[in-house]
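Q: okay, here's the prediction I keep looking at, along with the sequence it came from:
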Amino acid sequence: MMLMSRTWRPLALLTLTLGLVACGGDSGAPSVEETGRDITVEAQAFYAANPEKYAFKTPADIPAGLVWEHGEGLSDIGSSEAKKGGTQYEYMPDFPATLRVDGPDSNGEFRRWLLDYTSLTLAHRHPNEFDFYPAIATEWAVDLPNKTVYARINPNARFTDGEPITADDFLFTFFYYLSPYVNAPWYANWYGTQYTNITKYDDHTISLTMAEAKPDMDALALGFPPTAEHFYKDLGPDFTERYQWRFVPTAGAYEIKPENVRMGTNIVMTHVENWWAQDLKFFRNRYNMDRINFNVIRDTANQFEAFRRGDLDQFKIRTADYWYERLPNDDPDVQAGYIEKAQFYNDLPRAPWGLWINSARPHLDNVEVRLGIQYASNWDLVLERYFRGDFTRLNSAEQGYGEFTNPDVKAREFDIAKAREHFAKAGFDRSGPDGILMNAEGERLAFTLSTHYERYRDIFSILKEEAIKAGLELRLEMLDVAAGSRKVHEKQHDIYFIALNYGIEMYPRYWDTYHSDNAYDDAFLDDGSVNPARKIKVQTNNMEELADFRMDQKIDRYVAASDKEEMITLAHELTQMHHDYASFVPGFVEPFYWHASWRWVRWPDDFNVKYSSYAEDAFVHWIDEDMKAETLAARRSGQTFEPQINVYDQYKKQ
């Protein structure tokens, strides 16, 4: 899911850093030799001071009788027909504010290319079969009674800069996120509470012990990432500035070299030469392109026109007007077979598109106002008029988790009478001259609806027009990605339209988004009453500023629970409580995705994997440069090919 950035950085230092990198040269950050700093000594002292959590043993200490798993029997990912090489041309809606993956401004759209799509952990969920396949680890063993997972690291595993990945890099992950330098409260909580021990047995063998033996305990361990200790040798108080424009090494297939960054306009990712995993079963048919070239193209219309010109290889179609009207099936380029269209039904936890209400803002702290907004939001009309009936209504932010999803929670329907009834209970019981409700103090019932999703502009117009009928004014604020991200992360929004990007998980998380720990510093006193001195906590995923003592207690039980049935019961109760709090207005569900690509972008026969959010997630496509030359020549000469307008419904819910 999308994580929040963490802290501010001094503007003067940022300006200096930009100036040093603007020509694509060195980042300007002093080397270890220049600073005289080596974080290794501090990290070793940290481990020594916490021997119960950071242990050092020998292979002889590994328990006998463990059952080691290797992902055997799982199918290959991608197509054996994939060709290596070529350049993929992509866009980025804004230039990233940083190449860091942690800290301030690190959670922009480009982060998925730096981390989500391309980095590796010990093992990964198979995108069709849910079981784990090996990545950095060659094998692993689960000791459920002792809440421990053992893993053997592939001795050939390397970071993108060529340095070997060892057990020390997994130990360093704890030091990095728990250190005061990174100042990452979400990660500090995660690594400080989810794991109770990491043990190094040799350079390529570790174990991780979890706080609880949860049903997916193996996922918690196998999703653990290494952090390149050698890269962060000069980690210190100036972390934000020092690493601002330095690509963080991963175990993945792509890297960004300093000379491939043109500030403000262009970034090129290049395939790591002789990538260590390129011949392994689950990677040999993926990550096929030599280069991925990103240019800044700021709005959807310009992005689409760049695609139509052939400047972009593919285009993610997110709205019905582009699928039906801007690129209809009878478009000449589609009918000639130059551009191919695909509709792919996926199956994974659904991104919760909707309105996230900041309950710390004036009047929005009143549940009656929030309930009124629920009934004043006409999503059915959005689905009918804007999405042409292709999408469906979202019922909760925890939809798509099977038995963990509460089937009884349903989104509230548009109802003017009920909306006005709740608004009246909050004191907004009289209409102003423009039809907007007012209270006795003359305050208008008006809030700012902010977003950075320019492509959905027409949705907000529908919601605004319909809300007026209930006496509610929604002031639309369209921001760019950076400004929007900053506003919501700093909790300065009234209502924000966004969706969190959920991964492939067995059950939903609640602590991240609903616990008061992520809303306020010390939200409650020991007796459960509100702390009058509490302060809003920024840079967290609790966009609603939801703070409910009873809900906190249930979330704490949910986090600590290891029994699946208990977790299901608590998940249903928590989803119901969130529904009752009414700080999230569910929007829509995308049961599939639309995609358009030029003929030279090739895909497996079944197009994609079951658990893909977007077509490029699993990197199963490839660029056929010969076919590109053939297609461009055919387009000039008038030669045509068989049209390709395909629906892939093998994973469609019946």
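A: Great, that's in hand. Predicted model, so just to flag it, every value in this text is computed and none were measured.

Q: all contacts plus neighbour counts: C-alpha atoms, from now on.
A: OK.

Q: need the helices for the stretch 501-650 of the chain, in chain order.
A: Counting by DSSP state H, counting those that start in this stretch, the stretch 501-650 of the chain has helices at residues 511-514, 549-560, 564-581, 625-637.

Q: show me what the second one packs onto, helices and strands only.
A: In terms of contact count using 3 or more CA pairs under 8 Å, 6 or more residues apart in numbering; DSSP states H and E, helix 549-560 is assigned the packing partners helix 511-514, helix 564-581.

Q: could you give the average pLDDT over that helix?
A: Averaged across helix 549-560, pLDDT comes to 96.

Q: pull the residues that contact it.
A: Applying CA atoms under 8 Å, 6 or more residues apart in numbering, the external contacts of helix 549-560 come out as 211-212, 510-511, 514-516, 524, 528, 566-567, 570-571, 574, 577.

Q: for PyMOL, what selects the buried ones among these?
A: Here is the PyMOL command that picks out the buried ones among the contacts of helix 549-560, judged by 16 or more other CA atoms under 10 Å:
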select buried, resi 211+212+510+511+514+515+516+524+567+570+571+574
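
Q: got a list of what residue 649 touches?
A: Contacts of residue 649 (CA under 8 Å, 6+ apart): 344, 345.

Q: distance of it relative to residue 149?
A: Distance of residue 649 to residue 149, computed by CA to CA, to the nearest Å: 37 Å.

Q: ditto for residue 222
A: Applying CA to CA, the value for residue 222 to residue 149 is 8 Å.

Q: return the distance of stretch 162-169 from the chain's centre.
A: 26 Å (CA atoms, centre = their mean, to the nearest Å).

Q: in PDB, could you pull the C-alpha coordinates for it?
A: Listed next in PDB are the C-alpha coordinates belonging to stretch 162-169 (Å, rounded to 0.1, in the frame of the first residue of the first chain):
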ATOM      1  CA  GLY A 162      27.300  -5.500  -7.600                       C
ATOM      2  CA  GLU A 163      27.900  -5.800  -3.900                       C
ATOM      3  CA  PRO A 164      26.900  -9.200  -2.400                       C
ATOM      4  CA  ILE A 165      23.800  -9.500  -0.200                       C
ATOM      5  CA  THR A 166      24.600 -11.100   3.100                       C
ATOM      6  CA  ALA A 167      22.900 -11.600   6.500                       C
ATOM      7  CA  ASP A 168      24.400  -8.300   7.600                       C
ATOM      8  CA  ASP A 169      22.200  -6.500   5.200                       C
END
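
Q: so what's the nearest residue to residue 537 once chain neighbours are set aside bridging to?
A: Of all residues not flanking residue 537 in the chain, residue 520 sits nearest, at 4.6 Å (CA to CA, 6 or more residues apart in numbering). When bridges are called by DSSP bridges, residue 520 pairs up with residue 536.

Q: and residue 520, what pLDDT?
A: pLDDT at residue 520 comes out at 97.

Q: tally up the residues packed near residue 550, please.
A: 11 (other CA atoms under 10 Å).

Q: circling back to that earlier point, worst mean pLDDT among the helices and strands packed on helix 549-560?
A: Note on the helices and strands packed on helix 549-560: helix 511-514 shows the lowest mean pLDDT, a mean of 94.

Q: wait, a helix at residue 42?
A: Yes - counting by DSSP: H, G, I helix; E, B strand; the rest coil, residue 42 is part of a helix.

Q: quick one: which of the contacts of helix 549-560 is nearest residue 432?
A: residue 577 (33.9 Å; CA to CA).

Q: now that closest one: how far from residue 530?
A: 18 Å.

Q: so for residue 356, which of the helices and strands packed on helix 549-560 sits nearest?
A: Of those, nearest to residue 356 by CA to CA is helix 511-514, at 10.8 Å.

Q: next one: stretch 69-84 to chain centre, how far?
A: Using CA atoms, centre = their mean, the offset of stretch 69-84 from its chain centre is 25 Å.

Q: what lies in contact with it?
A: By CA under 8 Å, 6+ apart, stretch 69-84 touches 126-127, 129, 131-134, 138-141, 281-283, 285-286, 288-290, 602-605, 608, 620-624.

Q: show me where the stretch 51-200 of the chain has helices.
A: With DSSP H, counting those that start in this stretch as the criterion, the stretch 51-200 of the chain has helices at 111, 167-178, 185-193.

Q: neighbours around the closest residue to residue 118 other than its chain neighbours, how many?
A: Closest residue in space to residue 118, ignoring its immediate chain neighbours: residue 252 at 5.3 Å, by CA to CA, 6+ apart. By other CA under 10 Å, the residues close to residue 252 number 26.

Q: could you verify my assumption that residue 252 touches residue 161?
A: No - applying CA atoms under 8 Å as the test, residue 252 and residue 161 come out as separate, 10.4 Å apart.

Q: could you point out which element follows the helix or strand containing residue 208?
A: In the assignment (DSSP states H and E), residue 208 maps to strand 205-210. Downstream of strand 205-210, the first helix or strand assigned by DSSP H and E is helix 217-222.

Q: give me the buried positions along that following helix.
A: 217, 218, 219, 221, 222.

Q: who's in contact with the fourth one?
A: This means residue 221. For residue 221, the contact set (CA under 8 Å, 6+ apart) comprises 122, 149, 208, 210.
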